[in-house]
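Asks: predicted model and sequence below, questions to follow.
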Amino acid sequence: MTIGIWVLGDQLWQQQSALASCKQDKKRYPVILIESSQYVQQRPYHGQKLVLVWSAMRHFAEELKSDGWDVTYQISEDFVTPLQAWIQEYRITQLRVMTPSDRPFEQFINNLDLNCNVSLIPNNHFLWSKQEFHDWAKSRKRLLLEDFYRQGRKRFNILMDGDKPIGGKWNFDKQNRKPPKKNLATPTALWFEPDRITISVIERIEELKLNIYGKIEPFRWGVTRQQAKQVLGHFLTQCFSNFGTYQDAMVTGEDTLWHSLISPYLNLGLLQPMEVIKAAEQAYHSKELALNNVEGFIRQVLGWREYMYGIYHHTEADYGDGNWFNHHHPLPQFYWDGAKTEMNCLRQILTQVERTGYAHHIQRLMVLSNFALIAGVSPQEIESWFHAAFIDAYDWVMQTNVIGMGQFADGGKLASKPYAASANYINKMSDYCGNCTFDRTSRHSPNACPFNFFYWDFLDRHREKLKSLGRMNLVLANLKKISPEELAQIKSLAENWWTKENC
Ligand SMILES: Cc1cc2nc3c(=O)[nH]c(=O)nc-3n(C[C@H](O)[C@H](O)[C@H](O)COP(=O)(O)OP(=O)(O)OC[C@H]3O[C@@H](n4cnc5c(N)ncnc54)[C@H](O)[C@@H]3O)c2cc1C
C-alpha cells in the first residue's frame, strides 16, 4: 500500500492526525497541498482571508519540506485534476486526509471519484472529538454552555483546585464587561509586514480578479505558526490583564482593544487550543493576573469555541436552514459598503471589517448581527455575509455563531434568549452614539435610531413566540407599557425603513 496525505488549507499543524499517522517515516509518504481558484469562486471572501489561507499554506508547505516530507504544492483551477495526477505519479493506493472541520468539505471528499481508496482520519484540532461531545450531550435536556464549560475545566484540569474552581467561582462576569471609560490607554496590536510569499499571493489574487469583499491591502496578519505564537505572546503580555474587564467595550478607531486576535490562527491550525489555554493558565500563575481576565479568556477558548464546534456536529446538517422567526428581508446593501449607512455604529464597524476582516465579538453580535435580527433579515443572507466578510470564517463556526447565537434561528438550541438590543445597549458599551445623526433616545420620532424602532417592532411582531422564553418576560412587560399610538408610530417607521433606499 502506498499512502499519500492531502493537507487542507485549515489543517496547518505538523501534528494534525493525517500527518501524525505517517510521521515515523516522512520520506515514504508524499504530501500534497492544493490551491484551487474554482473553490474560492463559489462565494465571495474577504481578500485578506484568501491571502491569509494561501500564504499560510505556502509557508506550511516550506516548513514540511524542510522537515523532510516529500511535498507537492499545486496551484490549480480545481482540486481533482492535480490530485489525480499526483496519485498516478506516486502510485498512491490510499489517500489520507484529516476529517475536515466543515461538513460540506467532508461531503465533497466523500463524493470524490479517485483512483484510490480515501481514508478520513479523525480531526484532532479540537479538544472534544465529535463523539465525546455527543456522549456529553446525549443525556441532557438542554445543552448549556455553562455546563459544558465546567465539564471542560474538570476534564482538562484547567484553573482547578482539586475538584473546585480556582477562586471559588466558575464565572467572574460581574467584574467583566465594563463600559469603556474616556481616554482608555489601549495596547497596540502586533501586525506583520508581508514577506515575499505573501506578496506573490496578493499578486495572484489580483490577477484572478475574484469577487472579493473588503480591502486586500494593507495585509498585516501573521502567516506562519511562529508569527501566530508571537501574537499569542503579545496578547499575554500586553492585553491579557484587561481582557475580561473591557471584553464588551466598543470604541471608535480602536479595532482590537484587549482582544487576542488569535481566531484566524486557531482556525487554520497554526495555534492549538490547548497550548493557548495552558499559556493563559501559566501567565495567571506566574504574573498574578486578576482571575476575572484569565477565566474570561479561558471560557472563550475552552468553553465557547469547543461548544460551537460540538453543537455544529451534534445537530443535523440542516441546522443552517433554520428560521425560527420566519425572517425574509434581504440584507441591506450597506453591509457590503459600510460608508453607505448613516448609523454610526454600523458604519464604524463595517468599514473596519472592510479594512481588516476583523471585528471583536460584541461588535459582531450586538451590532452587526443584532441589527439584522431585529430588522428581520433572512438568517441565511446574514450568515452568507458573515462568511464573506471575516478573516476567521468557516462553516462550523458561522452556523452556530450566526444562525444560532446571533439570529436565534434554531429556536433556542444554543442560546436561551435572542441577542436583541436597542440603542441603549450600544450607547452604554460604546462611544458610537455620540457622533451619530440619529437620536438614540427616541423610538418613534422621524429621526429615531433604527435600532430603537426595530427593537420594539421585533418584540411586538414576535410577542407570542418570545413569551415561551422565560427570560424575555421583563422586556415584554415593558412592551406592554407602550401606548397603542406610539406602537403604531414605531411599526410604521420599521415598515417604511424597508421601502426607502435601504435595501
Ligand atoms: C455573529 C458572530 C459571528 C462570528 N463569526 C466567527 C467566525 O467567523 N470565526 C470565529 O472564529 N469566531 C466567530 N465568532 C466568535 C467570536 O466573535 C470570534 O471568535 C472572536 O471575535 C475572534 O476574535 P479574537 O481572536 O480577538 O477573540 P477573543 O475575544 O480574544 O477571544 C479568544 C478566542 O476565543 C474563541 N471564541 C470566543 N467566542 C467564540 C465563539 N462564540 N465561537 C467560537 N470561538 C470563540 C476564539 O477562538 C477567539 O480567538 C462569531 C461570533 C458572532 C456572534
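Replies: Okay, I see it.

Asks: what residues sit buried inside stretch 344-362?
Replies: 344-354, 356-360, 362 (16 or more other Cβ atoms under 10 Å). Heads up, the C-betas are built off the backbone N, CA and C, glycines and all.

Asks: for that stretch, C-alpha coordinates in PDB please.
Replies: The C-alpha trace of stretch 344-362 is given here as PDB (Å, rounded to 0.1, in the frame of the first residue of the first chain):
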ATOM      1  CA  ASN A 344     -22.600  55.500  13.100                       C
ATOM      2  CA  CYS A 345     -22.100  52.200  14.900                       C
ATOM      3  CA  LEU A 346     -22.700  50.100  11.800                       C
ATOM      4  CA  ARG A 347     -20.600  52.500   9.600                       C
ATOM      5  CA  GLN A 348     -17.700  52.300  12.000                       C
ATOM      6  CA  ILE A 349     -17.700  48.500  12.300                       C
ATOM      7  CA  LEU A 350     -18.500  47.800   8.700                       C
ATOM      8  CA  THR A 351     -15.600  50.000   7.400                       C
ATOM      9  CA  GLN A 352     -13.300  48.400  10.000                       C
ATOM     10  CA  VAL A 353     -14.200  44.900   8.700                       C
ATOM     11  CA  GLU A 354     -13.600  46.100   5.100                       C
ATOM     12  CA  ARG A 355     -10.200  47.300   6.200                       C
ATOM     13  CA  THR A 356      -9.100  44.300   8.300                       C
ATOM     14  CA  GLY A 357     -11.500  41.300   8.100                       C
ATOM     15  CA  TYR A 358     -11.900  41.600  11.800                       C
ATOM     16  CA  ALA A 359     -14.400  42.800  14.400                       C
ATOM     17  CA  HIS A 360     -14.500  41.600  18.000                       C
ATOM     18  CA  HIS A 361     -17.300  39.500  19.500                       C
ATOM     19  CA  ILE A 362     -19.600  42.200  20.700                       C
END
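
Asks: around the ligand, which positions in the stretch 151-300 of the chain sit nearby?
Replies: Residues of the stretch 151-300 of the chain found near the ligand (Cβ under 6 Å from any ligand atom) are 259-263, 266-267, 300.

Asks: can you redo those residues as a markdown table with secondary structure?
Replies: Formatted as a markdown table, those follow (DSSP: H, G, I helix; E, B strand; the rest coil):
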| residue | secondary structure |
| --- | --- |
| His259 | coil |
| Ser260 | coil |
| Leu261 | coil |
| Ile262 | coil |
| Ser263 | helix |
| Leu266 | helix |
| Asn267 | helix |
| Gln300 | helix |
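
Asks: identify the farthest-apart pair in those.
Replies: His259 and Asn267 (15.0 Å; Cβ to Cβ).

Asks: returning to what we had before: ok, so of the residues of the stretch 151-300 of the chain next to the ligand, who is nearest Asn292?
Replies: Among these, and counting by Cβ to Cβ, the member closest to Asn292 is Gln300, at 13.1 Å.

Asks: restricting to the buried residues of stretch 344-362, which residues neighbour the ligand?
Replies: Counting by Cβ under 6 Å from any ligand atom, His360 from these sit close to the ligand.

Asks: which of the buried residues of stretch 344-362 fall in strands?
Replies: Taking DSSP state E, every one of those sits outside strands.

Asks: quickly list the domain ranges of this protein.
Replies: 3-121, 130-314, 321-499 (automatic domain parsing).

Asks: now find how far off-centre the longest one is within its chain.
Replies: Looking back up the chat, that one is domain 130-314. When distances are taken as Cα atoms, centre = their mean, to the nearest Å, domain 130-314 is centred 10 Å away from the chain's centroid.

Asks: mind checking the SS state of Lys215?
Replies: Under three-state DSSP, Lys215 comes out as coil.

Asks: touching, it and Arg355? I think so.
Replies: Yes: using Cβ atoms under 8 Å, Lys215 is in contact with Arg355, at 5.6 Å.

Asks: which residues of the stretch 151-300 of the chain fall in strands?
Replies: Counting by DSSP state E, counting those that start in this stretch, residue ranges of the strands within the stretch 151-300 of the chain are 160-161, 164-165, 212-213.

Asks: tell me if the longest helix along the chain is near the ligand.
Replies: For the chain, the longest helix by residue count, based on DSSP state H, is helix 47-66. No: with Cβ under 6 Å from any ligand atom as the criterion, the ligand is not reached by helix 47-66; the gap is at least 9.7 Å.

Asks: what lies in contact with that helix?
Replies: The contact list for helix 47-66, computed with Cβ atoms under 8 Å, 6 or more residues apart in numbering, reads 7, 9-10, 12, 14, 19, 31, 33, 35, 40, 71, 73, 194, 197-198, 201-202, 204-205, 210, 212-216, 219, 221, 223-225, 264, 268, 270, 356-357, 390-393.
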